[in-house]
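Undergrad: pasting a predicted model and its sequence here:
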Amino acid sequence: MKFGTKAIHAGVEPDPSTGAIMTPIFQTSTYVQTSPGQHKGYEYSRSQNPTRHALEKSLAALENGKHGLCFSSGLGAIDAVIKLFSPGDEIISTNDLYGGSYRIFTKIFEKYGLKFHFVPMHDTKAIEEKISDKTKMLWVETPTNPMMNIIDIEASSRLAKKHKLVLAVDNTFSTPYLQNPLDLGADIVMHSVTKYIGGHSDVVMGALVVNDDSLQERLAFIQNSCGAVPGPQDCFLVLRGIKTLHIRMQRHSENGRKIAEYLNQHPKVGKVYWPGLPSHPNHEVAKKQMRDFGGMISFTLKGDKQEDAIKVLEKFKYFTLAESLGGVESLSGHPASMTHASIPKEDRDIAGLKDSLIRLSVGIEDAEDLIEDLKQAIG
């Protein structure tokens, strides 16, 4: 089954009781039992819900995985993964990481005895140098947020297997349309469903997809025990969003290319970070593991002054200044003061995340209008 057909049909079946083509919103907290412990597969909606079940099957199919699990947010999904580990365990991740991931790693889980190392994971040697007998997982984000660094998933998988580590990949920026980490050797794929998969800036949700049965059982136990699950209304909205995921990602990628090429030749722009540019670091790796390069772009202005970046952000008309990304509308952000403010400045500087950096989530509007917006804002 091709991806577009999967997006519309996989995991979703007409309602057997009515024939409704769309999965119903099962807005219920509990289910009737004919006798204690005898039910139709559903007993309490924290544990199971038919709308969520349909979404989990759909997400698993999109990632060529066996099991899907949905959570109340992307961070809720990350929280469940980290709870697989014990005090004294160590986890290696990238030094260019989403600020929320960095915050939950360092401000929440380090208090409970876990240790995190942040290295430039686009260099496989830097990963292996940090691996010890206490290392239990590699947490990969590719492309990274916001520097768009490309991490080789297959090379990371070889390292993980060599040292018997779990490999988890945050696939939020790429979506299953552009990249399938399980096919490249990952054990866990994480999505902030809030972003491209939902696609309409109206849902907050996270998801995990795995192939291993025992890993699924452990994560499902955490999901049920800790209770960070999404409601059926949100699951319904994401199921609807998935049906156009392939079309939206095509347009995001097309617009992303046009915007990146425009910025790359602009006399006032310093550096442009987009994996589809031949000059982008690890571009060849991106070509190998991605089908296209998406709509996330970061750039700096010449002079690297934060005040100049702020002026541009304030002038935008279509690139709305807001947190988040991945919606049909274009968004802009200032990572140093918004999405990545929780990362210490010295660590941001090491990763190359300058105070002048602007991040764009290129939407599916007409590219000509977006370019005109950039033109008037940058000058």
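TA: Arrived safely, thanks for sending.

Undergrad: may I see the buried residues of the worst-scoring helix or strand of the chain on mean pLDDT?
TA: When each helix and strand of the chain is scored by mean pLDDT, DSSP states H and E, helix 345-351 comes last, with a mean of 83. By neighbour count on 16 or more other CB atoms under 10 Å, the buried set for helix 345-351 is 347, 348, 351. No exception for glycine: its C-beta is placed from N, CA and C like everyone else's.

Undergrad: export these to JSON lines and append columns for distance to residue 261.
TA: Listed next are the buried residues of helix 345-351 as JSON lines, based on distance: CB to CB, whole Å:
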{"residue": "347", "distance to residue 261": "31"}
{"residue": "348", "distance to residue 261": "27"}
{"residue": "351", "distance to residue 261": "25"}
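
Undergrad: go through the residues you listed and name the one nearest residue 262.
TA: Closest approach to residue 262 among these (CB to CB): residue 351, at 25.5 Å.

Undergrad: dump the residue contacts of the closest one.
TA: Counting by CB atoms under 8 Å, 6 or more residues apart in numbering, residue 351 touches 95, 96, 120, 147.

Undergrad: for residue 378, see how far away it is.
TA: 24 Å (CB to CB, to the nearest Å).

Undergrad: picking up where we left off before, alpha carbons only: can I get the least confident helix or strand of the chain in PDB?
TA: Output of helix 345-351 as PDB, limited to C-alpha atoms (Å, rounded to 0.1, in the frame of the first residue of the first chain):
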ATOM      1  CA  LYS A 345      23.100  30.500  26.500                       C
ATOM      2  CA  GLU A 346      26.500  28.900  26.700                       C
ATOM      3  CA  ASP A 347      25.100  25.600  25.500                       C
ATOM      4  CA  ARG A 348      23.100  27.300  22.700                       C
ATOM      5  CA  ASP A 349      26.300  29.100  21.600                       C
ATOM      6  CA  ILE A 350      28.200  25.700  21.500                       C
ATOM      7  CA  ALA A 351      25.400  24.300  19.300                       C
END
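
Undergrad: right, and the helix or strand after that helix?
TA: Elements were assigned by DSSP states H and E; along the chain past helix 345-351, the next helix or strand is strand 358-361.

Undergrad: elements contacting that following strand?
TA: Packed against strand 358-361 by the contact rule (3 or more CB pairs under 8 Å, 6 or more residues apart in numbering; DSSP states H and E) you find strand 296-301, helix 306-315, strand 331-333.

Undergrad: in it, what's buried?
TA: Buried residues in strand 358-361, counting neighbours by 16+ other CB under 10 Å, are found at 358, 359, 360, 361.

Undergrad: what residues does that strand touch?
TA: Outside strand 358-361, the residues that reach it (CB under 8 Å, 6+ apart) are 145-146, 259, 295-301, 309, 312-313, 319, 324-327, 330-335, 339.

Undergrad: cool, thanks, talk later.
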